[in-house]
Structures are given as C-alpha cells and as structure tokens.
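**Student:** model this:
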Amino acid sequence: MGGTRSLPNWSGALVTAGDVAFYGTLDGWFKAVDAKTGKLLSKFKVGSGIVGNPITYRGPDGRQYVAVYAGIGGDLVLLAGDVRSDDPTDVRPPPTRTRDIGRHTSQGGIVWIFGL
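**Tutor:** Alright, predicted model coming up:
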C-alpha cells in the first residue's frame, strides 16, 4: 500500500463500511483500495506529502465525503536537508530514508475533500 518505495508511509488509514480503505503517501498520492484484496480503486495526486489521517463524514447535503490533510513541513523538511535551516544550533544529520523527499513532493498545507 506504499508510495515511493524509498519513503515510509506516515498517513493513517480509514476503512469504510463498504470495505474501501483510504490512505495517503509521502510522495503525495491519496489512494482508495479494496480493503479485502488491496486492489487499487483510485488515486489522486494532491501535490504534497500526506501525513494526516483520512476522515469520513456525512455532509449537510446527505452525501458521504472523505477528507485528508496534505502538507509536509517542519522537522521532516529540515531533517531531509531539502531546505536550509537558519538555526546554526540545528546540527542534526539528514536521515537515510527521507533524504531525497524534496524530489518526490513539495511543502504545502491543504485539506482535500472528495465526494463518495
């Protein structure tokens, strides 16, 4: 269920009563899979890595929606070495698994909402 093989998944997963599982990847894909078989049902590129947990809700129009927050930043970006830290005391070395995350996603912060 992962994204780019070199990046870990930090998004939570949500499974609906209809056996559809939703999750996001650090390289910016929001995916829906069959919860029983793992077969990919759909995917959508959101533009930034997904580290939030998907949620579902019924809107005032009676329709069901799924929402997810996309937007990496903060320590992940600084640790990855993809931006320069202006703090001379921040001497943490880049981790090996997310060193090139900037090649797969961008910083951001937006809530995506999809109708089901």
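
**Student:** Where does pLDDT dip in this structure?
**Tutor:** 1-7, 73-108 (pLDDT under 70).

**Student:** for it, what spans make up the helices?
**Tutor:** 75-80 (DSSP state H).

**Student:** count of neighbours near residue 41?
**Tutor:** Residues lying near residue 41 (other CB atoms under 10 Å) number 13. Placement of C-beta: from N, CA and C, glycine included.

**Student:** so residue 8 sits right up against residue 26, yeah?
**Tutor:** Yes: in this structure residue 8 lies within contact range of residue 26 using CB atoms under 8 Å: 6.9 Å.

**Student:** Comparing these two, which shows the higher neighbour count?
**Tutor:** residue 26 (25 against 12).

**Student:** so how far is residue 58 from the more buried one?
**Tutor:** For residue 26, the distance to residue 58 equals 29 Å [CB to CB, to the nearest Å].

**Student:** I'd say residue 10 and residue 51 touch.
**Tutor:** Yes: Residue 10 lies in contact with residue 51 (CB under 8 Å); the separation is 4.4 Å.

**Student:** Out of these two, name the residue with the larger neighbour count.
**Tutor:** residue 51 (20 against 17).

**Student:** hey, what's in contact with both of residue 10 and residue 51?
**Tutor:** residue 26 (CB atoms under 8 Å, 6 or more residues apart in numbering).

**Student:** could you pull out the strands for this structure?
**Tutor:** 13-15, 20-24, 29-34, 40-45, 55-58, 64-70, 110-115 (DSSP state E).

**Student:** what comes up buried for the first one?
**Tutor:** This means strand 13-15. residue 14 (16 or more other CB atoms under 10 Å).

**Student:** same check, this time on the fifth one
**Tutor:** By neighbour count with 16+ other CB under 10 Å, strand 55-58 contains the buried residues residue 56.

**Student:** ok, and what's touching that strand?
**Tutor:** 14, 16, 22, 64-68, 116.

**Student:** can we see that at 7 Å?
**Tutor:** Contacting residues not belonging to strand 55-58 are listed as 14, 16, 64-67 [CB atoms under 7 Å, 6 or more residues apart in numbering].

**Student:** likewise the second one?
**Tutor:** With CB under 7 Å, 6+ apart as the contact definition, strand 20-24 has outside contacts at 1, 9, 11, 13-15, 30-35, 41, 50, 54, 66, 68, 70.

**Student:** This completes my enquiry, with thanks.
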